[in-house]
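A.B. asks: let me see the structure of the following:
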Amino acid sequence: MLCGTYHEAKRNAEKRQLALQKELDKQSARARRSERCLQEAQSKIQELEKLRMHMETHMNAVEIERDEARVDADHLRRQLRKLRSETKCNQRSIHSALQKLTHSPAVAKRIAAACHPDKCPRELSGVATELFLWVQSIREQDASVA
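C.D. replies: Next up, the predicted model:
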């Protein structure tokens, strides 16, 4: 009986050893899969970090470019505003100068003759007509006052 118990115990121990070995193999395989997944996750994290750094660098460059464009646009707006105000001043001064000149009948006659639409190129005939009519209206006003 001792022999039977020993052999049974040995068989049971071998079965248990096989079951434990099988379980150990399963756990080892699971551990290898987990390690492989961990390595893949770490690799993806590194790739994402590289992508984030690249995107951040690109975004910073774009922001700098946008800021420079804003500065340029502001500068151009100021220049445009300045030029518009200068143009207004020039137009006013030209207008008042012409008005003063046309008070003299001889000068008004010469200005009217110089800007007569028939003596100007076709491209300028519209502007020449306006100027001629304006000079003529001032001449007529001065003639009616005198």
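
A.B. asks: tell me which element the residue most central in space within the chain falls in.
C.D. replies: Taking Cα atoms, centre = their mean, the centroid of the chain lies closest to R66, which sits 5.6 Å from it. Element membership of R66 [criterion: DSSP states H and E] is helix 2-101.

A.B. asks: for stretch 51-69, C-alpha coordinates in PDB please.
C.D. replies: In PDB, the C-alpha atoms belonging to stretch 51-69 read as follows (Å, rounded to 0.1, in the frame of the first residue of the first chain):
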ATOM      1  CA  LEU A  51       5.100  64.900 -33.300                       C
ATOM      2  CA  ARG A  52       4.000  67.200 -30.500                       C
ATOM      3  CA  MET A  53       7.500  68.900 -30.500                       C
ATOM      4  CA  HIS A  54       7.400  69.300 -34.300                       C
ATOM      5  CA  MET A  55       3.900  70.700 -34.200                       C
ATOM      6  CA  GLU A  56       4.800  73.000 -31.300                       C
ATOM      7  CA  THR A  57       7.900  74.300 -33.300                       C
ATOM      8  CA  HIS A  58       5.800  74.700 -36.400                       C
ATOM      9  CA  MET A  59       3.100  76.500 -34.400                       C
ATOM     10  CA  ASN A  60       5.600  78.900 -32.900                       C
ATOM     11  CA  ALA A  61       7.000  79.700 -36.300                       C
ATOM     12  CA  VAL A  62       3.600  80.300 -37.700                       C
ATOM     13  CA  GLU A  63       2.700  82.600 -34.700                       C
ATOM     14  CA  ILE A  64       5.900  84.500 -35.200                       C
ATOM     15  CA  GLU A  65       5.100  84.900 -38.900                       C
ATOM     16  CA  ARG A  66       1.600  86.000 -38.000                       C
ATOM     17  CA  ASP A  67       2.900  88.600 -35.500                       C
ATOM     18  CA  GLU A  68       5.300  89.900 -38.100                       C
ATOM     19  CA  ALA A  69       2.500  90.100 -40.700                       C
END
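
A.B. asks: could you give me the average pLDDT of it?
C.D. replies: Averaged over stretch 51-69, pLDDT sits at 96.

A.B. asks: list the buried residues of that stretch.
C.D. replies: By neighbour count on 16 or more other Cβ atoms under 10 Å, the buried set for stretch 51-69 is empty. Bear in mind the C-beta positions are built from the backbone N, C-alpha and C, glycine included.
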